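Colleague: Give the three-dimensional model of this entry:
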Amino acid sequence: MKLLVFSLILFSFFVSNINSITITVPPNSKECVFEKIDKRTSVTLLYQVVSGGGMDINPEISEPDGRVVYRRDREQEGKFTFLSRSVGMYKFCFGNEMSHVTSKQVNFNIQLSGGHSNSEIAKKEHLTPLENGVLELQEQLRSILSEQRYLKVREHIHRNTTESTNSRVLWWNFLQTFLLIAISATQIIYVRRIFERRRRI
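Modeller: So this is what the prediction gives:
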């Protein structure tokens, strides 16, 4: 029983915080999210533009002192991992300054792991094979959750593309039908006029 309780406590220390957020970034603006992060925490940002314009965004990560850790221009999706140097509010921003008309919808995950001092967690050599197995399972579960969120966002993008294509095909068919009817009516009127002229002659 003690082993099970200890494993659960140890598991709770290592469990990553995974926050999945979808935000809309208006044109010619920047949206930021703040996250309080402990020192020496492994931070992973996964982001993907779900909809809007050219499907690109300007991601940026800043430390509490204002130092920029990560910045890219016109990215559709990406992943970046870093180790926090200090405790404080980290800023995760997505800029849509390049667009003057279209809003962008961005889905992103902030994954945190670690962030505990050496005195708070057990050393690996002090763990039993069962406890090591629990930790390995936790890492695999975290990876599966991250992959599921990524696939969900990809499915959402593909569904939007399919629905947009379906809508365009439908309207194109309506246009073709209208043009076909208009051309047929024009031909009938033209042929009638030819026959009417011949009768008059």
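
Colleague: When you work out contacts or count neighbours from here on, use the C-alpha atoms and nothing else.
Modeller: Will do.

Colleague: Okay, and the beta partners of residue 77?
Modeller: residue 48 (DSSP bridges).

Colleague: and it, how many neighbours?
Modeller: The local packing of residue 77 (other C-alpha atoms under 10 Å) involves 17 other residues.

Colleague: Next one: it relative to residue 183, how far apart?
Modeller: Using C-alpha to C-alpha, to the nearest Å, residue 77 is found at 47 Å from residue 183.

Colleague: repeat for residue 61
Modeller: Relative to residue 183, and taking C-alpha to C-alpha, residue 61 is found at 59 Å.

Colleague: Those two: which is more packed in?
Modeller: Each of residue 61 and residue 183 has its neighbours counted (other C-alpha under 10 Å); residue 61 has more, 21 against 12.

Colleague: List the residues that contact the more buried one.
Modeller: With contacts defined as C-alpha atoms under 8 Å, 6 or more residues apart in numbering, residue 61 is in contact with 68-71, 90-93.

Colleague: ranges for the helices of the protein?
Modeller: Remark: helices assigned in the chain by DSSP state H are 2-14, 129-200.

Colleague: In terms of mean pLDDT, which of the ones you listed ranks lowest?
Modeller: When these are compared by mean pLDDT, helix 2-14 comes last with a mean of 43.

Colleague: I'd like to know how far the residue lying closest to residue 51 once chain neighbours are set aside sits from residue 171.
Modeller: If the residues on either side of it in the chain are set aside, residue 51 comes closest to residue 105, at 5.2 Å by C-alpha to C-alpha, 6 or more residues apart in numbering. Going from residue 105 to residue 171 by C-alpha to C-alpha gives 26 Å.

Colleague: what about those two, which has more around it?
Modeller: Between residue 105 and residue 171, counted using other C-alpha under 10 Å, the more crowded position is residue 105 (19 against 12).

Colleague: residues touching the more buried one, list them.
Modeller: By C-alpha under 8 Å, 6+ apart, the neighbours of residue 105 are 22-25, 49-52.

Colleague: Next, format the residues you listed as a markdown table and append distance to residue 40.
Modeller: Below are those laid out as a markdown table (distance: C-alpha to C-alpha, whole Å):
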| residue | distance to residue 40 |
| --- | --- |
| 22 | 27 |
| 23 | 28 |
| 24 | 31 |
| 25 | 30 |
| 49 | 29 |
| 50 | 31 |
| 51 | 34 |
| 52 | 36 |
